[in-house]
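just coords:
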């Protein structure tokens, strides 16, 4: 029976708390499902790519776009998901590399100039900036040398201290702010299962710029994403992988 006029018909605090708890459980379960699906996607990509890298790329784009359109944990805002369509440059086999990780006491930045700052020496912890203005702790574990078509470059390779840990390779290039997200893209984010695997040995990473992707904060600023340090800022355009519309 309805209360008298002016009575407070709001739910009791206990009901509000129960609904909030239920939403929290649902959110955690859908997040677990998202992580599981991304892990399954990259496992399939690695298997397909062993014989057909471009076929693996086609599969990656199709499954990834479907997840971004339909999954409740998609980084795309809910109101925009149904219309989401990923944008990508055509596949370029010249931008797929097997790169040996080099753990060296001296390191070279993206420009090829030697850097000697102690805070970026391999094995030492450092804090990378995040899109939110905070920082996140990483360990710089070495470098990878990439024979890009324009000129060879060297990028720093990092190990993420948060989550469950994982290899992390962000980069910026000359397309940022025009045809790609202004703060850069990722080519390897193993904590999120975005990992193309290795060749014949654990230190031989498969790095394919055709699989470069925008971080979650490129779609919605509510996400906080670690950004590329200065040594991983390329002075050439990488016209491969995900791009803006």
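It's in. Keep in mind the model is a prediction, meaning the values are calculated, not measured. Numbers count the residues shown, from 1 in each chain.

regarding this structure, what is its longest helix?
Under DSSP state H, the helix in the chain containing the largest number of residues is helix 13-49.

could you pull out the buried residues of it?
Residues of helix 13-49 classed as buried by neighbour count (16 or more other CB atoms under 10 Å): 34, 37-38, 41-42, 45, 48-49. From N, CA and C alone the C-beta is placed, and that goes for glycine too.

pick the one among those residues closest to residue 195.
Closest to residue 195 out of the buried residues of helix 13-49 is residue 42 (5.9 Å), distances taken as CB to CB.

how about residue 89, what does it touch?
210, 239-241, 243 (CB atoms under 8 Å, 6 or more residues apart in numbering).

in strands, which of those residues fall?
residue 243 (DSSP state E).

now the buried members of the contacts of residue 89.
By 16+ other CB under 10 Å, the contacts of residue 89 give 210, 239-241, 243 as buried.

JSON lines for the buried residues of helix 13-49, including distance to residue 192 and pLDDT?
Formatted as JSON lines, the buried residues of helix 13-49 follow (distance: CB to CB, whole Å; pLDDT from 0 to 100):
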{"residue": "34", "distance to residue 192": "10", "pLDDT": "96"}
{"residue": "37", "distance to residue 192": "11", "pLDDT": "97"}
{"residue": "38", "distance to residue 192": "6", "pLDDT": "97"}
{"residue": "41", "distance to residue 192": "11", "pLDDT": "98"}
{"residue": "42", "distance to residue 192": "9", "pLDDT": "98"}
{"residue": "45", "distance to residue 192": "14", "pLDDT": "98"}
{"residue": "48", "distance to residue 192": "20", "pLDDT": "98"}
{"residue": "49", "distance to residue 192": "18", "pLDDT": "98"}
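
how about CSV for the residues you listed, with distance to residue 26 added?
Conversion of the buried residues of helix 13-49 to CSV gives the following (distance: CB to CB, whole Å):
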residue, distance to residue 26
34, 12
37, 16
38, 19
41, 22
42, 25
45, 29
48, 33
49, 34
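
thinking again about what came up before, show me the contacts of residue 89 that map onto helices.
Using DSSP H, none of these sit in helices.

what's the closest of the contacts of residue 89 to residue 30?
Looking across the contacts of residue 89 and measuring by CB to CB, the closest to residue 30 is residue 241, at 26.5 Å.

and the angle from the helix or strand just after the longest helix of the chain to helix 13-49?
Per DSSP states H and E, the first helix or strand lying C-terminal to helix 13-49 is helix 53-70. Angle between the axes of helix 53-70 and helix 13-49 is 170 degrees (criterion: axes from the mean of the first three to the mean of the last three CA atoms, to 10 degrees).

buried ones in helix 53-70?
For helix 53-70, by 16+ other CB under 10 Å, it's 53, 56-57, 59-61, 63-64, 67-69.

just the closest of the buried residues of helix 13-49 to residue 188, please.
Using CB to CB, those come closest to residue 188 at residue 42, 10.7 Å.
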